[in-house]
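Colleague: okay, structure incoming, though there's no sequence with it:
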């Protein structure tokens, strides 16, 4: 993905026009399968933080897991909703 962005920037600098650019599908089978695995895993991790890590006093571990899960869910949902509005 980063190579595509860099290539696009080079084309813009050199003022080269590209016609055969296909938009990336957000709802491909691979991405649906990944979401079917990661969303329940995220919910499970959040539940485990509240039911086991926090009551045992492992606040740093719980905050780290909640931060990672929160960032993943936020960015993924932001990408989904941004693509739907285009």
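Modeller: Looks like it arrived, so ask away. Remember, it's a predicted structure, so these values are computed and weren't measured experimentally. Numbering: from 1, shown residues only.
Colleague: let me see the contact set for the residue nearest the centre of the chain.
Modeller: The structure's the chain has its C-alpha centroid closest to residue 76; by C-alpha atoms, centre = their mean the separation is 3.6 Å. By C-beta atoms under 8 Å, 6 or more residues apart in numbering, the contact set of residue 76 is 35, 38. To be clear about C-beta, it is placed using only N, CA and C from the backbone, and glycine gets the same treatment.
Colleague: what does the pLDDT read for it?
Modeller: Looking at residue 76, its pLDDT is 91.
Colleague: host element of it?
Modeller: Assigned by DSSP states H and E, residue 76 belongs to helix 59-85.
Colleague: can you pull the buried residues of that helix?
Modeller: Residues 62, 65-66, 69, 76 are the ones in helix 59-85 that count as buried (16 or more other C-beta atoms under 10 Å).
Colleague: out of these, who's nearest residue 16?
Modeller: Closest to residue 16 out of the buried residues of helix 59-85 is residue 76 (32.4 Å), distances taken as C-beta to C-beta.
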